[in-house]
Every structure is written in C-alpha cells, then in structure tokens.
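> Predicted model follows, preceded by the sequence.
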Amino acid sequence: MKTLLNHFMSLNRRDRMLYGITLAAVGVILLGSVADGFTGRYPQAVVQAVMLGVAIGLFWDYRRRRNATVFAYGGIVTASLGYTLLLYLDHFVLHSYLILMIIPLVIFFVLPLRQALIASVLHYLVVVLVSEYGYAVLHLDSAMFDKDAIQVYTFGAIFILAFGTFYQLAIEESYRQLQHANAQKALLLKEIHHRIKNNLNKMSSALGLQILRIRRGHSVSPEEILTANKLRIEAMSLVHEALYRSEDIARVDMAAYIRKLVDLIARTHERTLPIDLEAGGITLSPDKALRIGTILNELITNTLKHTPPDASDLHIAVILTAQAESCLLTYTQTGHPDPVDAASLTQTKGLGMMFIRLSAEEMGGNLAIVSEHNSLIFTIVFPC
C-alpha cells in the first residue's frame with residue numbers, strides 16, 4: 001500500500017486526477033454490478049460489467065499511449081450512455097438520476113471549458129430526451145416526472161454548469177499566471193546563464209590581454225593587476241545583486257547601482273571620493289547597467305591612479321540623464337594636476353581605455369572626451 005501511495009504522489013497533477021477519477025468510477029460500477037447481480041437484476045449487472053470493462057480498457061490505453069483526450073471522451077461517452085441505459089432499465093426511478101446529474105462535474109475536471117460545456121449540454125440533452133421518451137411514449141409513472149422533482153433537477157443542472165464554468169475560469173486564470181511565472185523564471189535563468197558566460201569571457205579576455213602586455217615588457221605591479229580585476233568582478237556582481245533584490249528582473253535602478261559601485265571602489269582603494277551623482281529615476285537593462293559599471297569602474301580607478309591621495313581639489317561628477325530615445329552619461333573629473341591631450345587619450349592602447357571604448361560600442365554609444373582648463377570630461381550617448 002505504501003508503494004502504491006508513493007507512486008501516486010510521484011504523479012503529476014493531471015495523472016493524479018485521472019487516476020483518482022478512474023479508481024472512483026471503477027469502485028462505484030463494481031459495487032453496483034455486484035449489488036444488481038445479487039438482487040437478480042441481471043440486465044443492469046451486465047450493463048455495469050460492460051462499463052467496468054470499458055473503463056479498465058480506457059485506463060490501460062491511457063497508461064500505454066498517454067492520450068488524455070481519448071481517455072476523457074471515452075470515459076464520458078461510456079458513463080453517459082451506460083447510466084442512461086440503466087435509467088431506462090430502472091424505469092426512471094428518482095435515484096437513477098443522481099449519477100447522471102453529477103457526470104458533468106467530472107467533465108469539467110477533465111476537459112477544457114468550451115469542450116466541457118458542449119459535452120455537458122449534450123449529456124443533459126440526452127437525459128432529457130430519454131426521460132421524455134419514458135414519460136410521453138412509455139407512459140411510466142415515475143416520481144421523477146413530478147414537476148417539483150423536475151424543478152429540483154433543472155436547477156441542479158444549471159448550478160453544476162455554472163459551478164463548472166467558474167471553476168474552469170478560475171483554474172485557467174491560475175494556469176495563465178503560473179505559465180507567466182514559469183516563463184519569467186525560465187527567461188531569468190537563461191539570461192543569468194548567458195550573462196555569467198559573457199562576464200566570464202570578458203574576464204578571461206582581460207586576463208589574457210594583461211598576460212600579453214606583461215610578456216611584451218609592460219611593467220605592472222601584481223597588486224595593481226589583482227585590484228583592477230577584483231573591482232571588475234565585483235562591478236559585475238553588483239548587477240546580479242541589484243537584479244536579485246529588484247521586483248523587475250529586466251531593469252536595474254542606476255542611481256542605487258552607481259552609488260554602491262562608488263562605495264566599493266572607495267573601500268578598495270581606501271580613499272574618500274568626493275563624487276556628485278545624478279541618476280534619479282533612470283533604470284536600464286542589466287546588460288547596459290553592466291557596461292556602465294565597467295566604464296565608471298575604469299574611469300574612477302584611472303582617476304585615483306593618477307591623482308595623489310592628498311589632492312584637495314579633486315572632484316568627480318557622474319550624471320546620467322534620459323533624453324527622448326537616448327541616454328547621456330557624463331563623467332567629469334576636476335582638479336587634474338597635469339594637462340591631458342583628449343585626442344591622444346582617445347587613441348591610447350591602455351587596457352582601461354580599451355574597456356571603456358569597447359563597452360561604449362557594445363551599448364551602441366558614442367564616446368567623446370574633452371579636456372578644458374583643469375577638467376576632463378567623458379560623455380557617452382547611447383540608446384536607453
């Protein structure tokens with residue numbers, strides 16, 4: 001028994017329902033057939049024995065072919081015709097209508113709404129026609145043909161149809177919500193895998209470039225390499241953290257993201273960063289947020305690299321604004337100790353600038369660098 005129960009619990013929802021309906025139907029038909037046989041009502045016993053054989057055959061066919069539609073329609077037709085025949089054999093006694101009345105409840109459990117409504121109406125129509133035959137043609141004197149009984153069964157049929165309809169509508173709405181939630185989860189999982197793969201590829205490429213530069217004699221301290229790569233990885237992880245904490249898996253709050261990124265860079269370099277940040281209300285896709293994070297990480301790190309810790313006039317402004325169908329990122333560094341040639345900076349082969357240019361291109365943006373007085377301004381216009 002425990003093994004059968006474990007097997008039943010391992011089934012999906014539809015199979016549990018079909019197994020349960022089959023078990024209940026087989027039990028009712030078997031008891032009815034045995035009872036009719038012992039009481040000498042052999043025609044009724046034979047009809048129910050045939051119904052029992054058909055039910056077992058349909059279930060066996062479903063186990064083999066997994067065709068729920070054939071199983072459902074076969075079971076409904078068998079039950080409807082079988083119990084209608086029993087109604088006739090029992091001379092339309094009142095209790096013979098009970099199972100005929102509740103068969104549509106099972107129909108609404110196993111068929112879609114439109115098909116369930118059609119099948120239920122056809123079922124009730126057959127019952128009415130057979131009953132009319134018994135009353136008008138055979139002139140049978142049955143309690144069922146009393147007007148009070150007819151009213152009770154009519155309202156019962158209407159209630160069952162209404163209940164089945166609203167049940168189906170509620171189930172369909174829940175099913176649609178579940179499908180949407182599953183689709184969102186599947187999309188999120190796919191996006192996460194895709195993004196992680198891209199991030200790992202970027203880090204692999206960055207490490208490969210650094211190895212190549214070292215082989216070519218470019219002198220870089222191990223601490224500087226490790227710190228730069230640590231920040232790049234953590235800038236990526238901040239995007240995933242923002243997605244994890246957000247109700248919208250498709251957008252990242254840029255103000256919160258940039259603020260956390262700036263705090264991270266300041267803690268890593270053990271510096272106090274005088275930064276003004278404006279990005280209120282702007283949300284971007286995770287891919288664009290990641291590229292913005294890469295750009296700002298390289299810019300701020302480069303600023304700290306070329307600015308002494310005791311520089312009192314250093315000031316950084318990060319402004320992200322939305323303009324119609326495009327966004328504008330502006331990074332302004334004020335207090336640069338030495339004049340900078342913006343044109344040469346644009347063409348430099350440094351790894352940081354390479355990441356900045358590549359990230360801007362990946363966003364479909366245009367990078368511009370302007371040097372004026374003691375300020376260095378980076379602007380990137382990209383599609384939001």
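Nice, I can see it.

> Helices of the stretch 101-250 of the chain, start to end?
Applying DSSP state H, counting those that start in this stretch to the stretch 101-250 of the chain gives helices spanning 113-132, 147-215, 222-245.

> Which one, of those helices, ends up nearest to M17?
Taking C-beta to C-beta, helix 147-215 is the member of these nearest to M17, at 11.3 Å. (C-beta placed from N, C-alpha, C; glycine too.)

> Point out the other helices and strands that the closest one packs with.
helix 97-110, helix 113-132, helix 222-245, helix 286-305, helix 351-362 (3 or more C-beta pairs under 8 Å, 6 or more residues apart in numbering; DSSP states H and E).

> Could you work out which of these reaches nearest to Q323?
helix 286-305 (15.0 Å).

> and the helices and strands packed on helix 147-215, which is most packed in?
Among the helices and strands packed on helix 147-215, the stretch with the highest mean neighbour count (mean count of other C-beta atoms under 10 Å) is helix 286-305, at a mean of 22.

> Hey, what's the angle from that helix to helix 351-362? Just curious.
With axes from the mean of the first three to the mean of the last three C-alpha atoms, to 10 degrees defining the directions, helix 286-305 sits at 150 degrees from helix 351-362.

> in the stretch 251-384 of the chain, which segments are predicted with low confidence?
When residues are selected by pLDDT under 70, those of the stretch 251-384 of the chain lie in 336-349.

> ranges for the helices of it?
Secondary structure of the stretch 251-384 of the chain by DSSP H, counting those that start in this stretch: the helices cover 254-269, 286-305, 342-347, 351-362.

> mind exporting the longest one as CSV, just the C-alpha atoms?
Output of helix 286-305 as CSV, limited to C-alpha atoms (Å, rounded to 0.1, in the frame of the first residue of the first chain):
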residue,chain,number,x,y,z
PRO,A,286,21.2,44.5,-17.0
ASP,A,287,23.5,44.5,-20.0
LYS,A,288,23.6,48.3,-20.2
ALA,A,289,24.0,48.6,-16.5
LEU,A,290,27.0,46.2,-16.6
ARG,A,291,28.6,48.2,-19.3
ILE,A,292,28.0,51.5,-17.5
GLY,A,293,29.5,49.9,-14.4
THR,A,294,32.6,48.8,-16.4
ILE,A,295,33.1,52.3,-17.8
LEU,A,296,32.7,54.0,-14.4
ASN,A,297,34.9,51.5,-12.7
GLU,A,298,37.7,52.1,-15.2
LEU,A,299,37.3,55.9,-15.1
ILE,A,300,37.2,56.2,-11.4
THR,A,301,40.1,53.8,-10.9
ASN,A,302,42.1,55.7,-13.5
THR,A,303,41.4,59.0,-11.7
LEU,A,304,42.6,57.6,-8.4
LYS,A,305,45.6,56.1,-10.1
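
> Give the other helices and strands that it contacts.
In terms of contacts (3+ C-beta pairs under 8 Å, 6+ apart), helix 286-305 is packed against helix 147-215, helix 222-245, helix 254-269, strand 315-323, strand 326-334, helix 351-362, strand 375-383.
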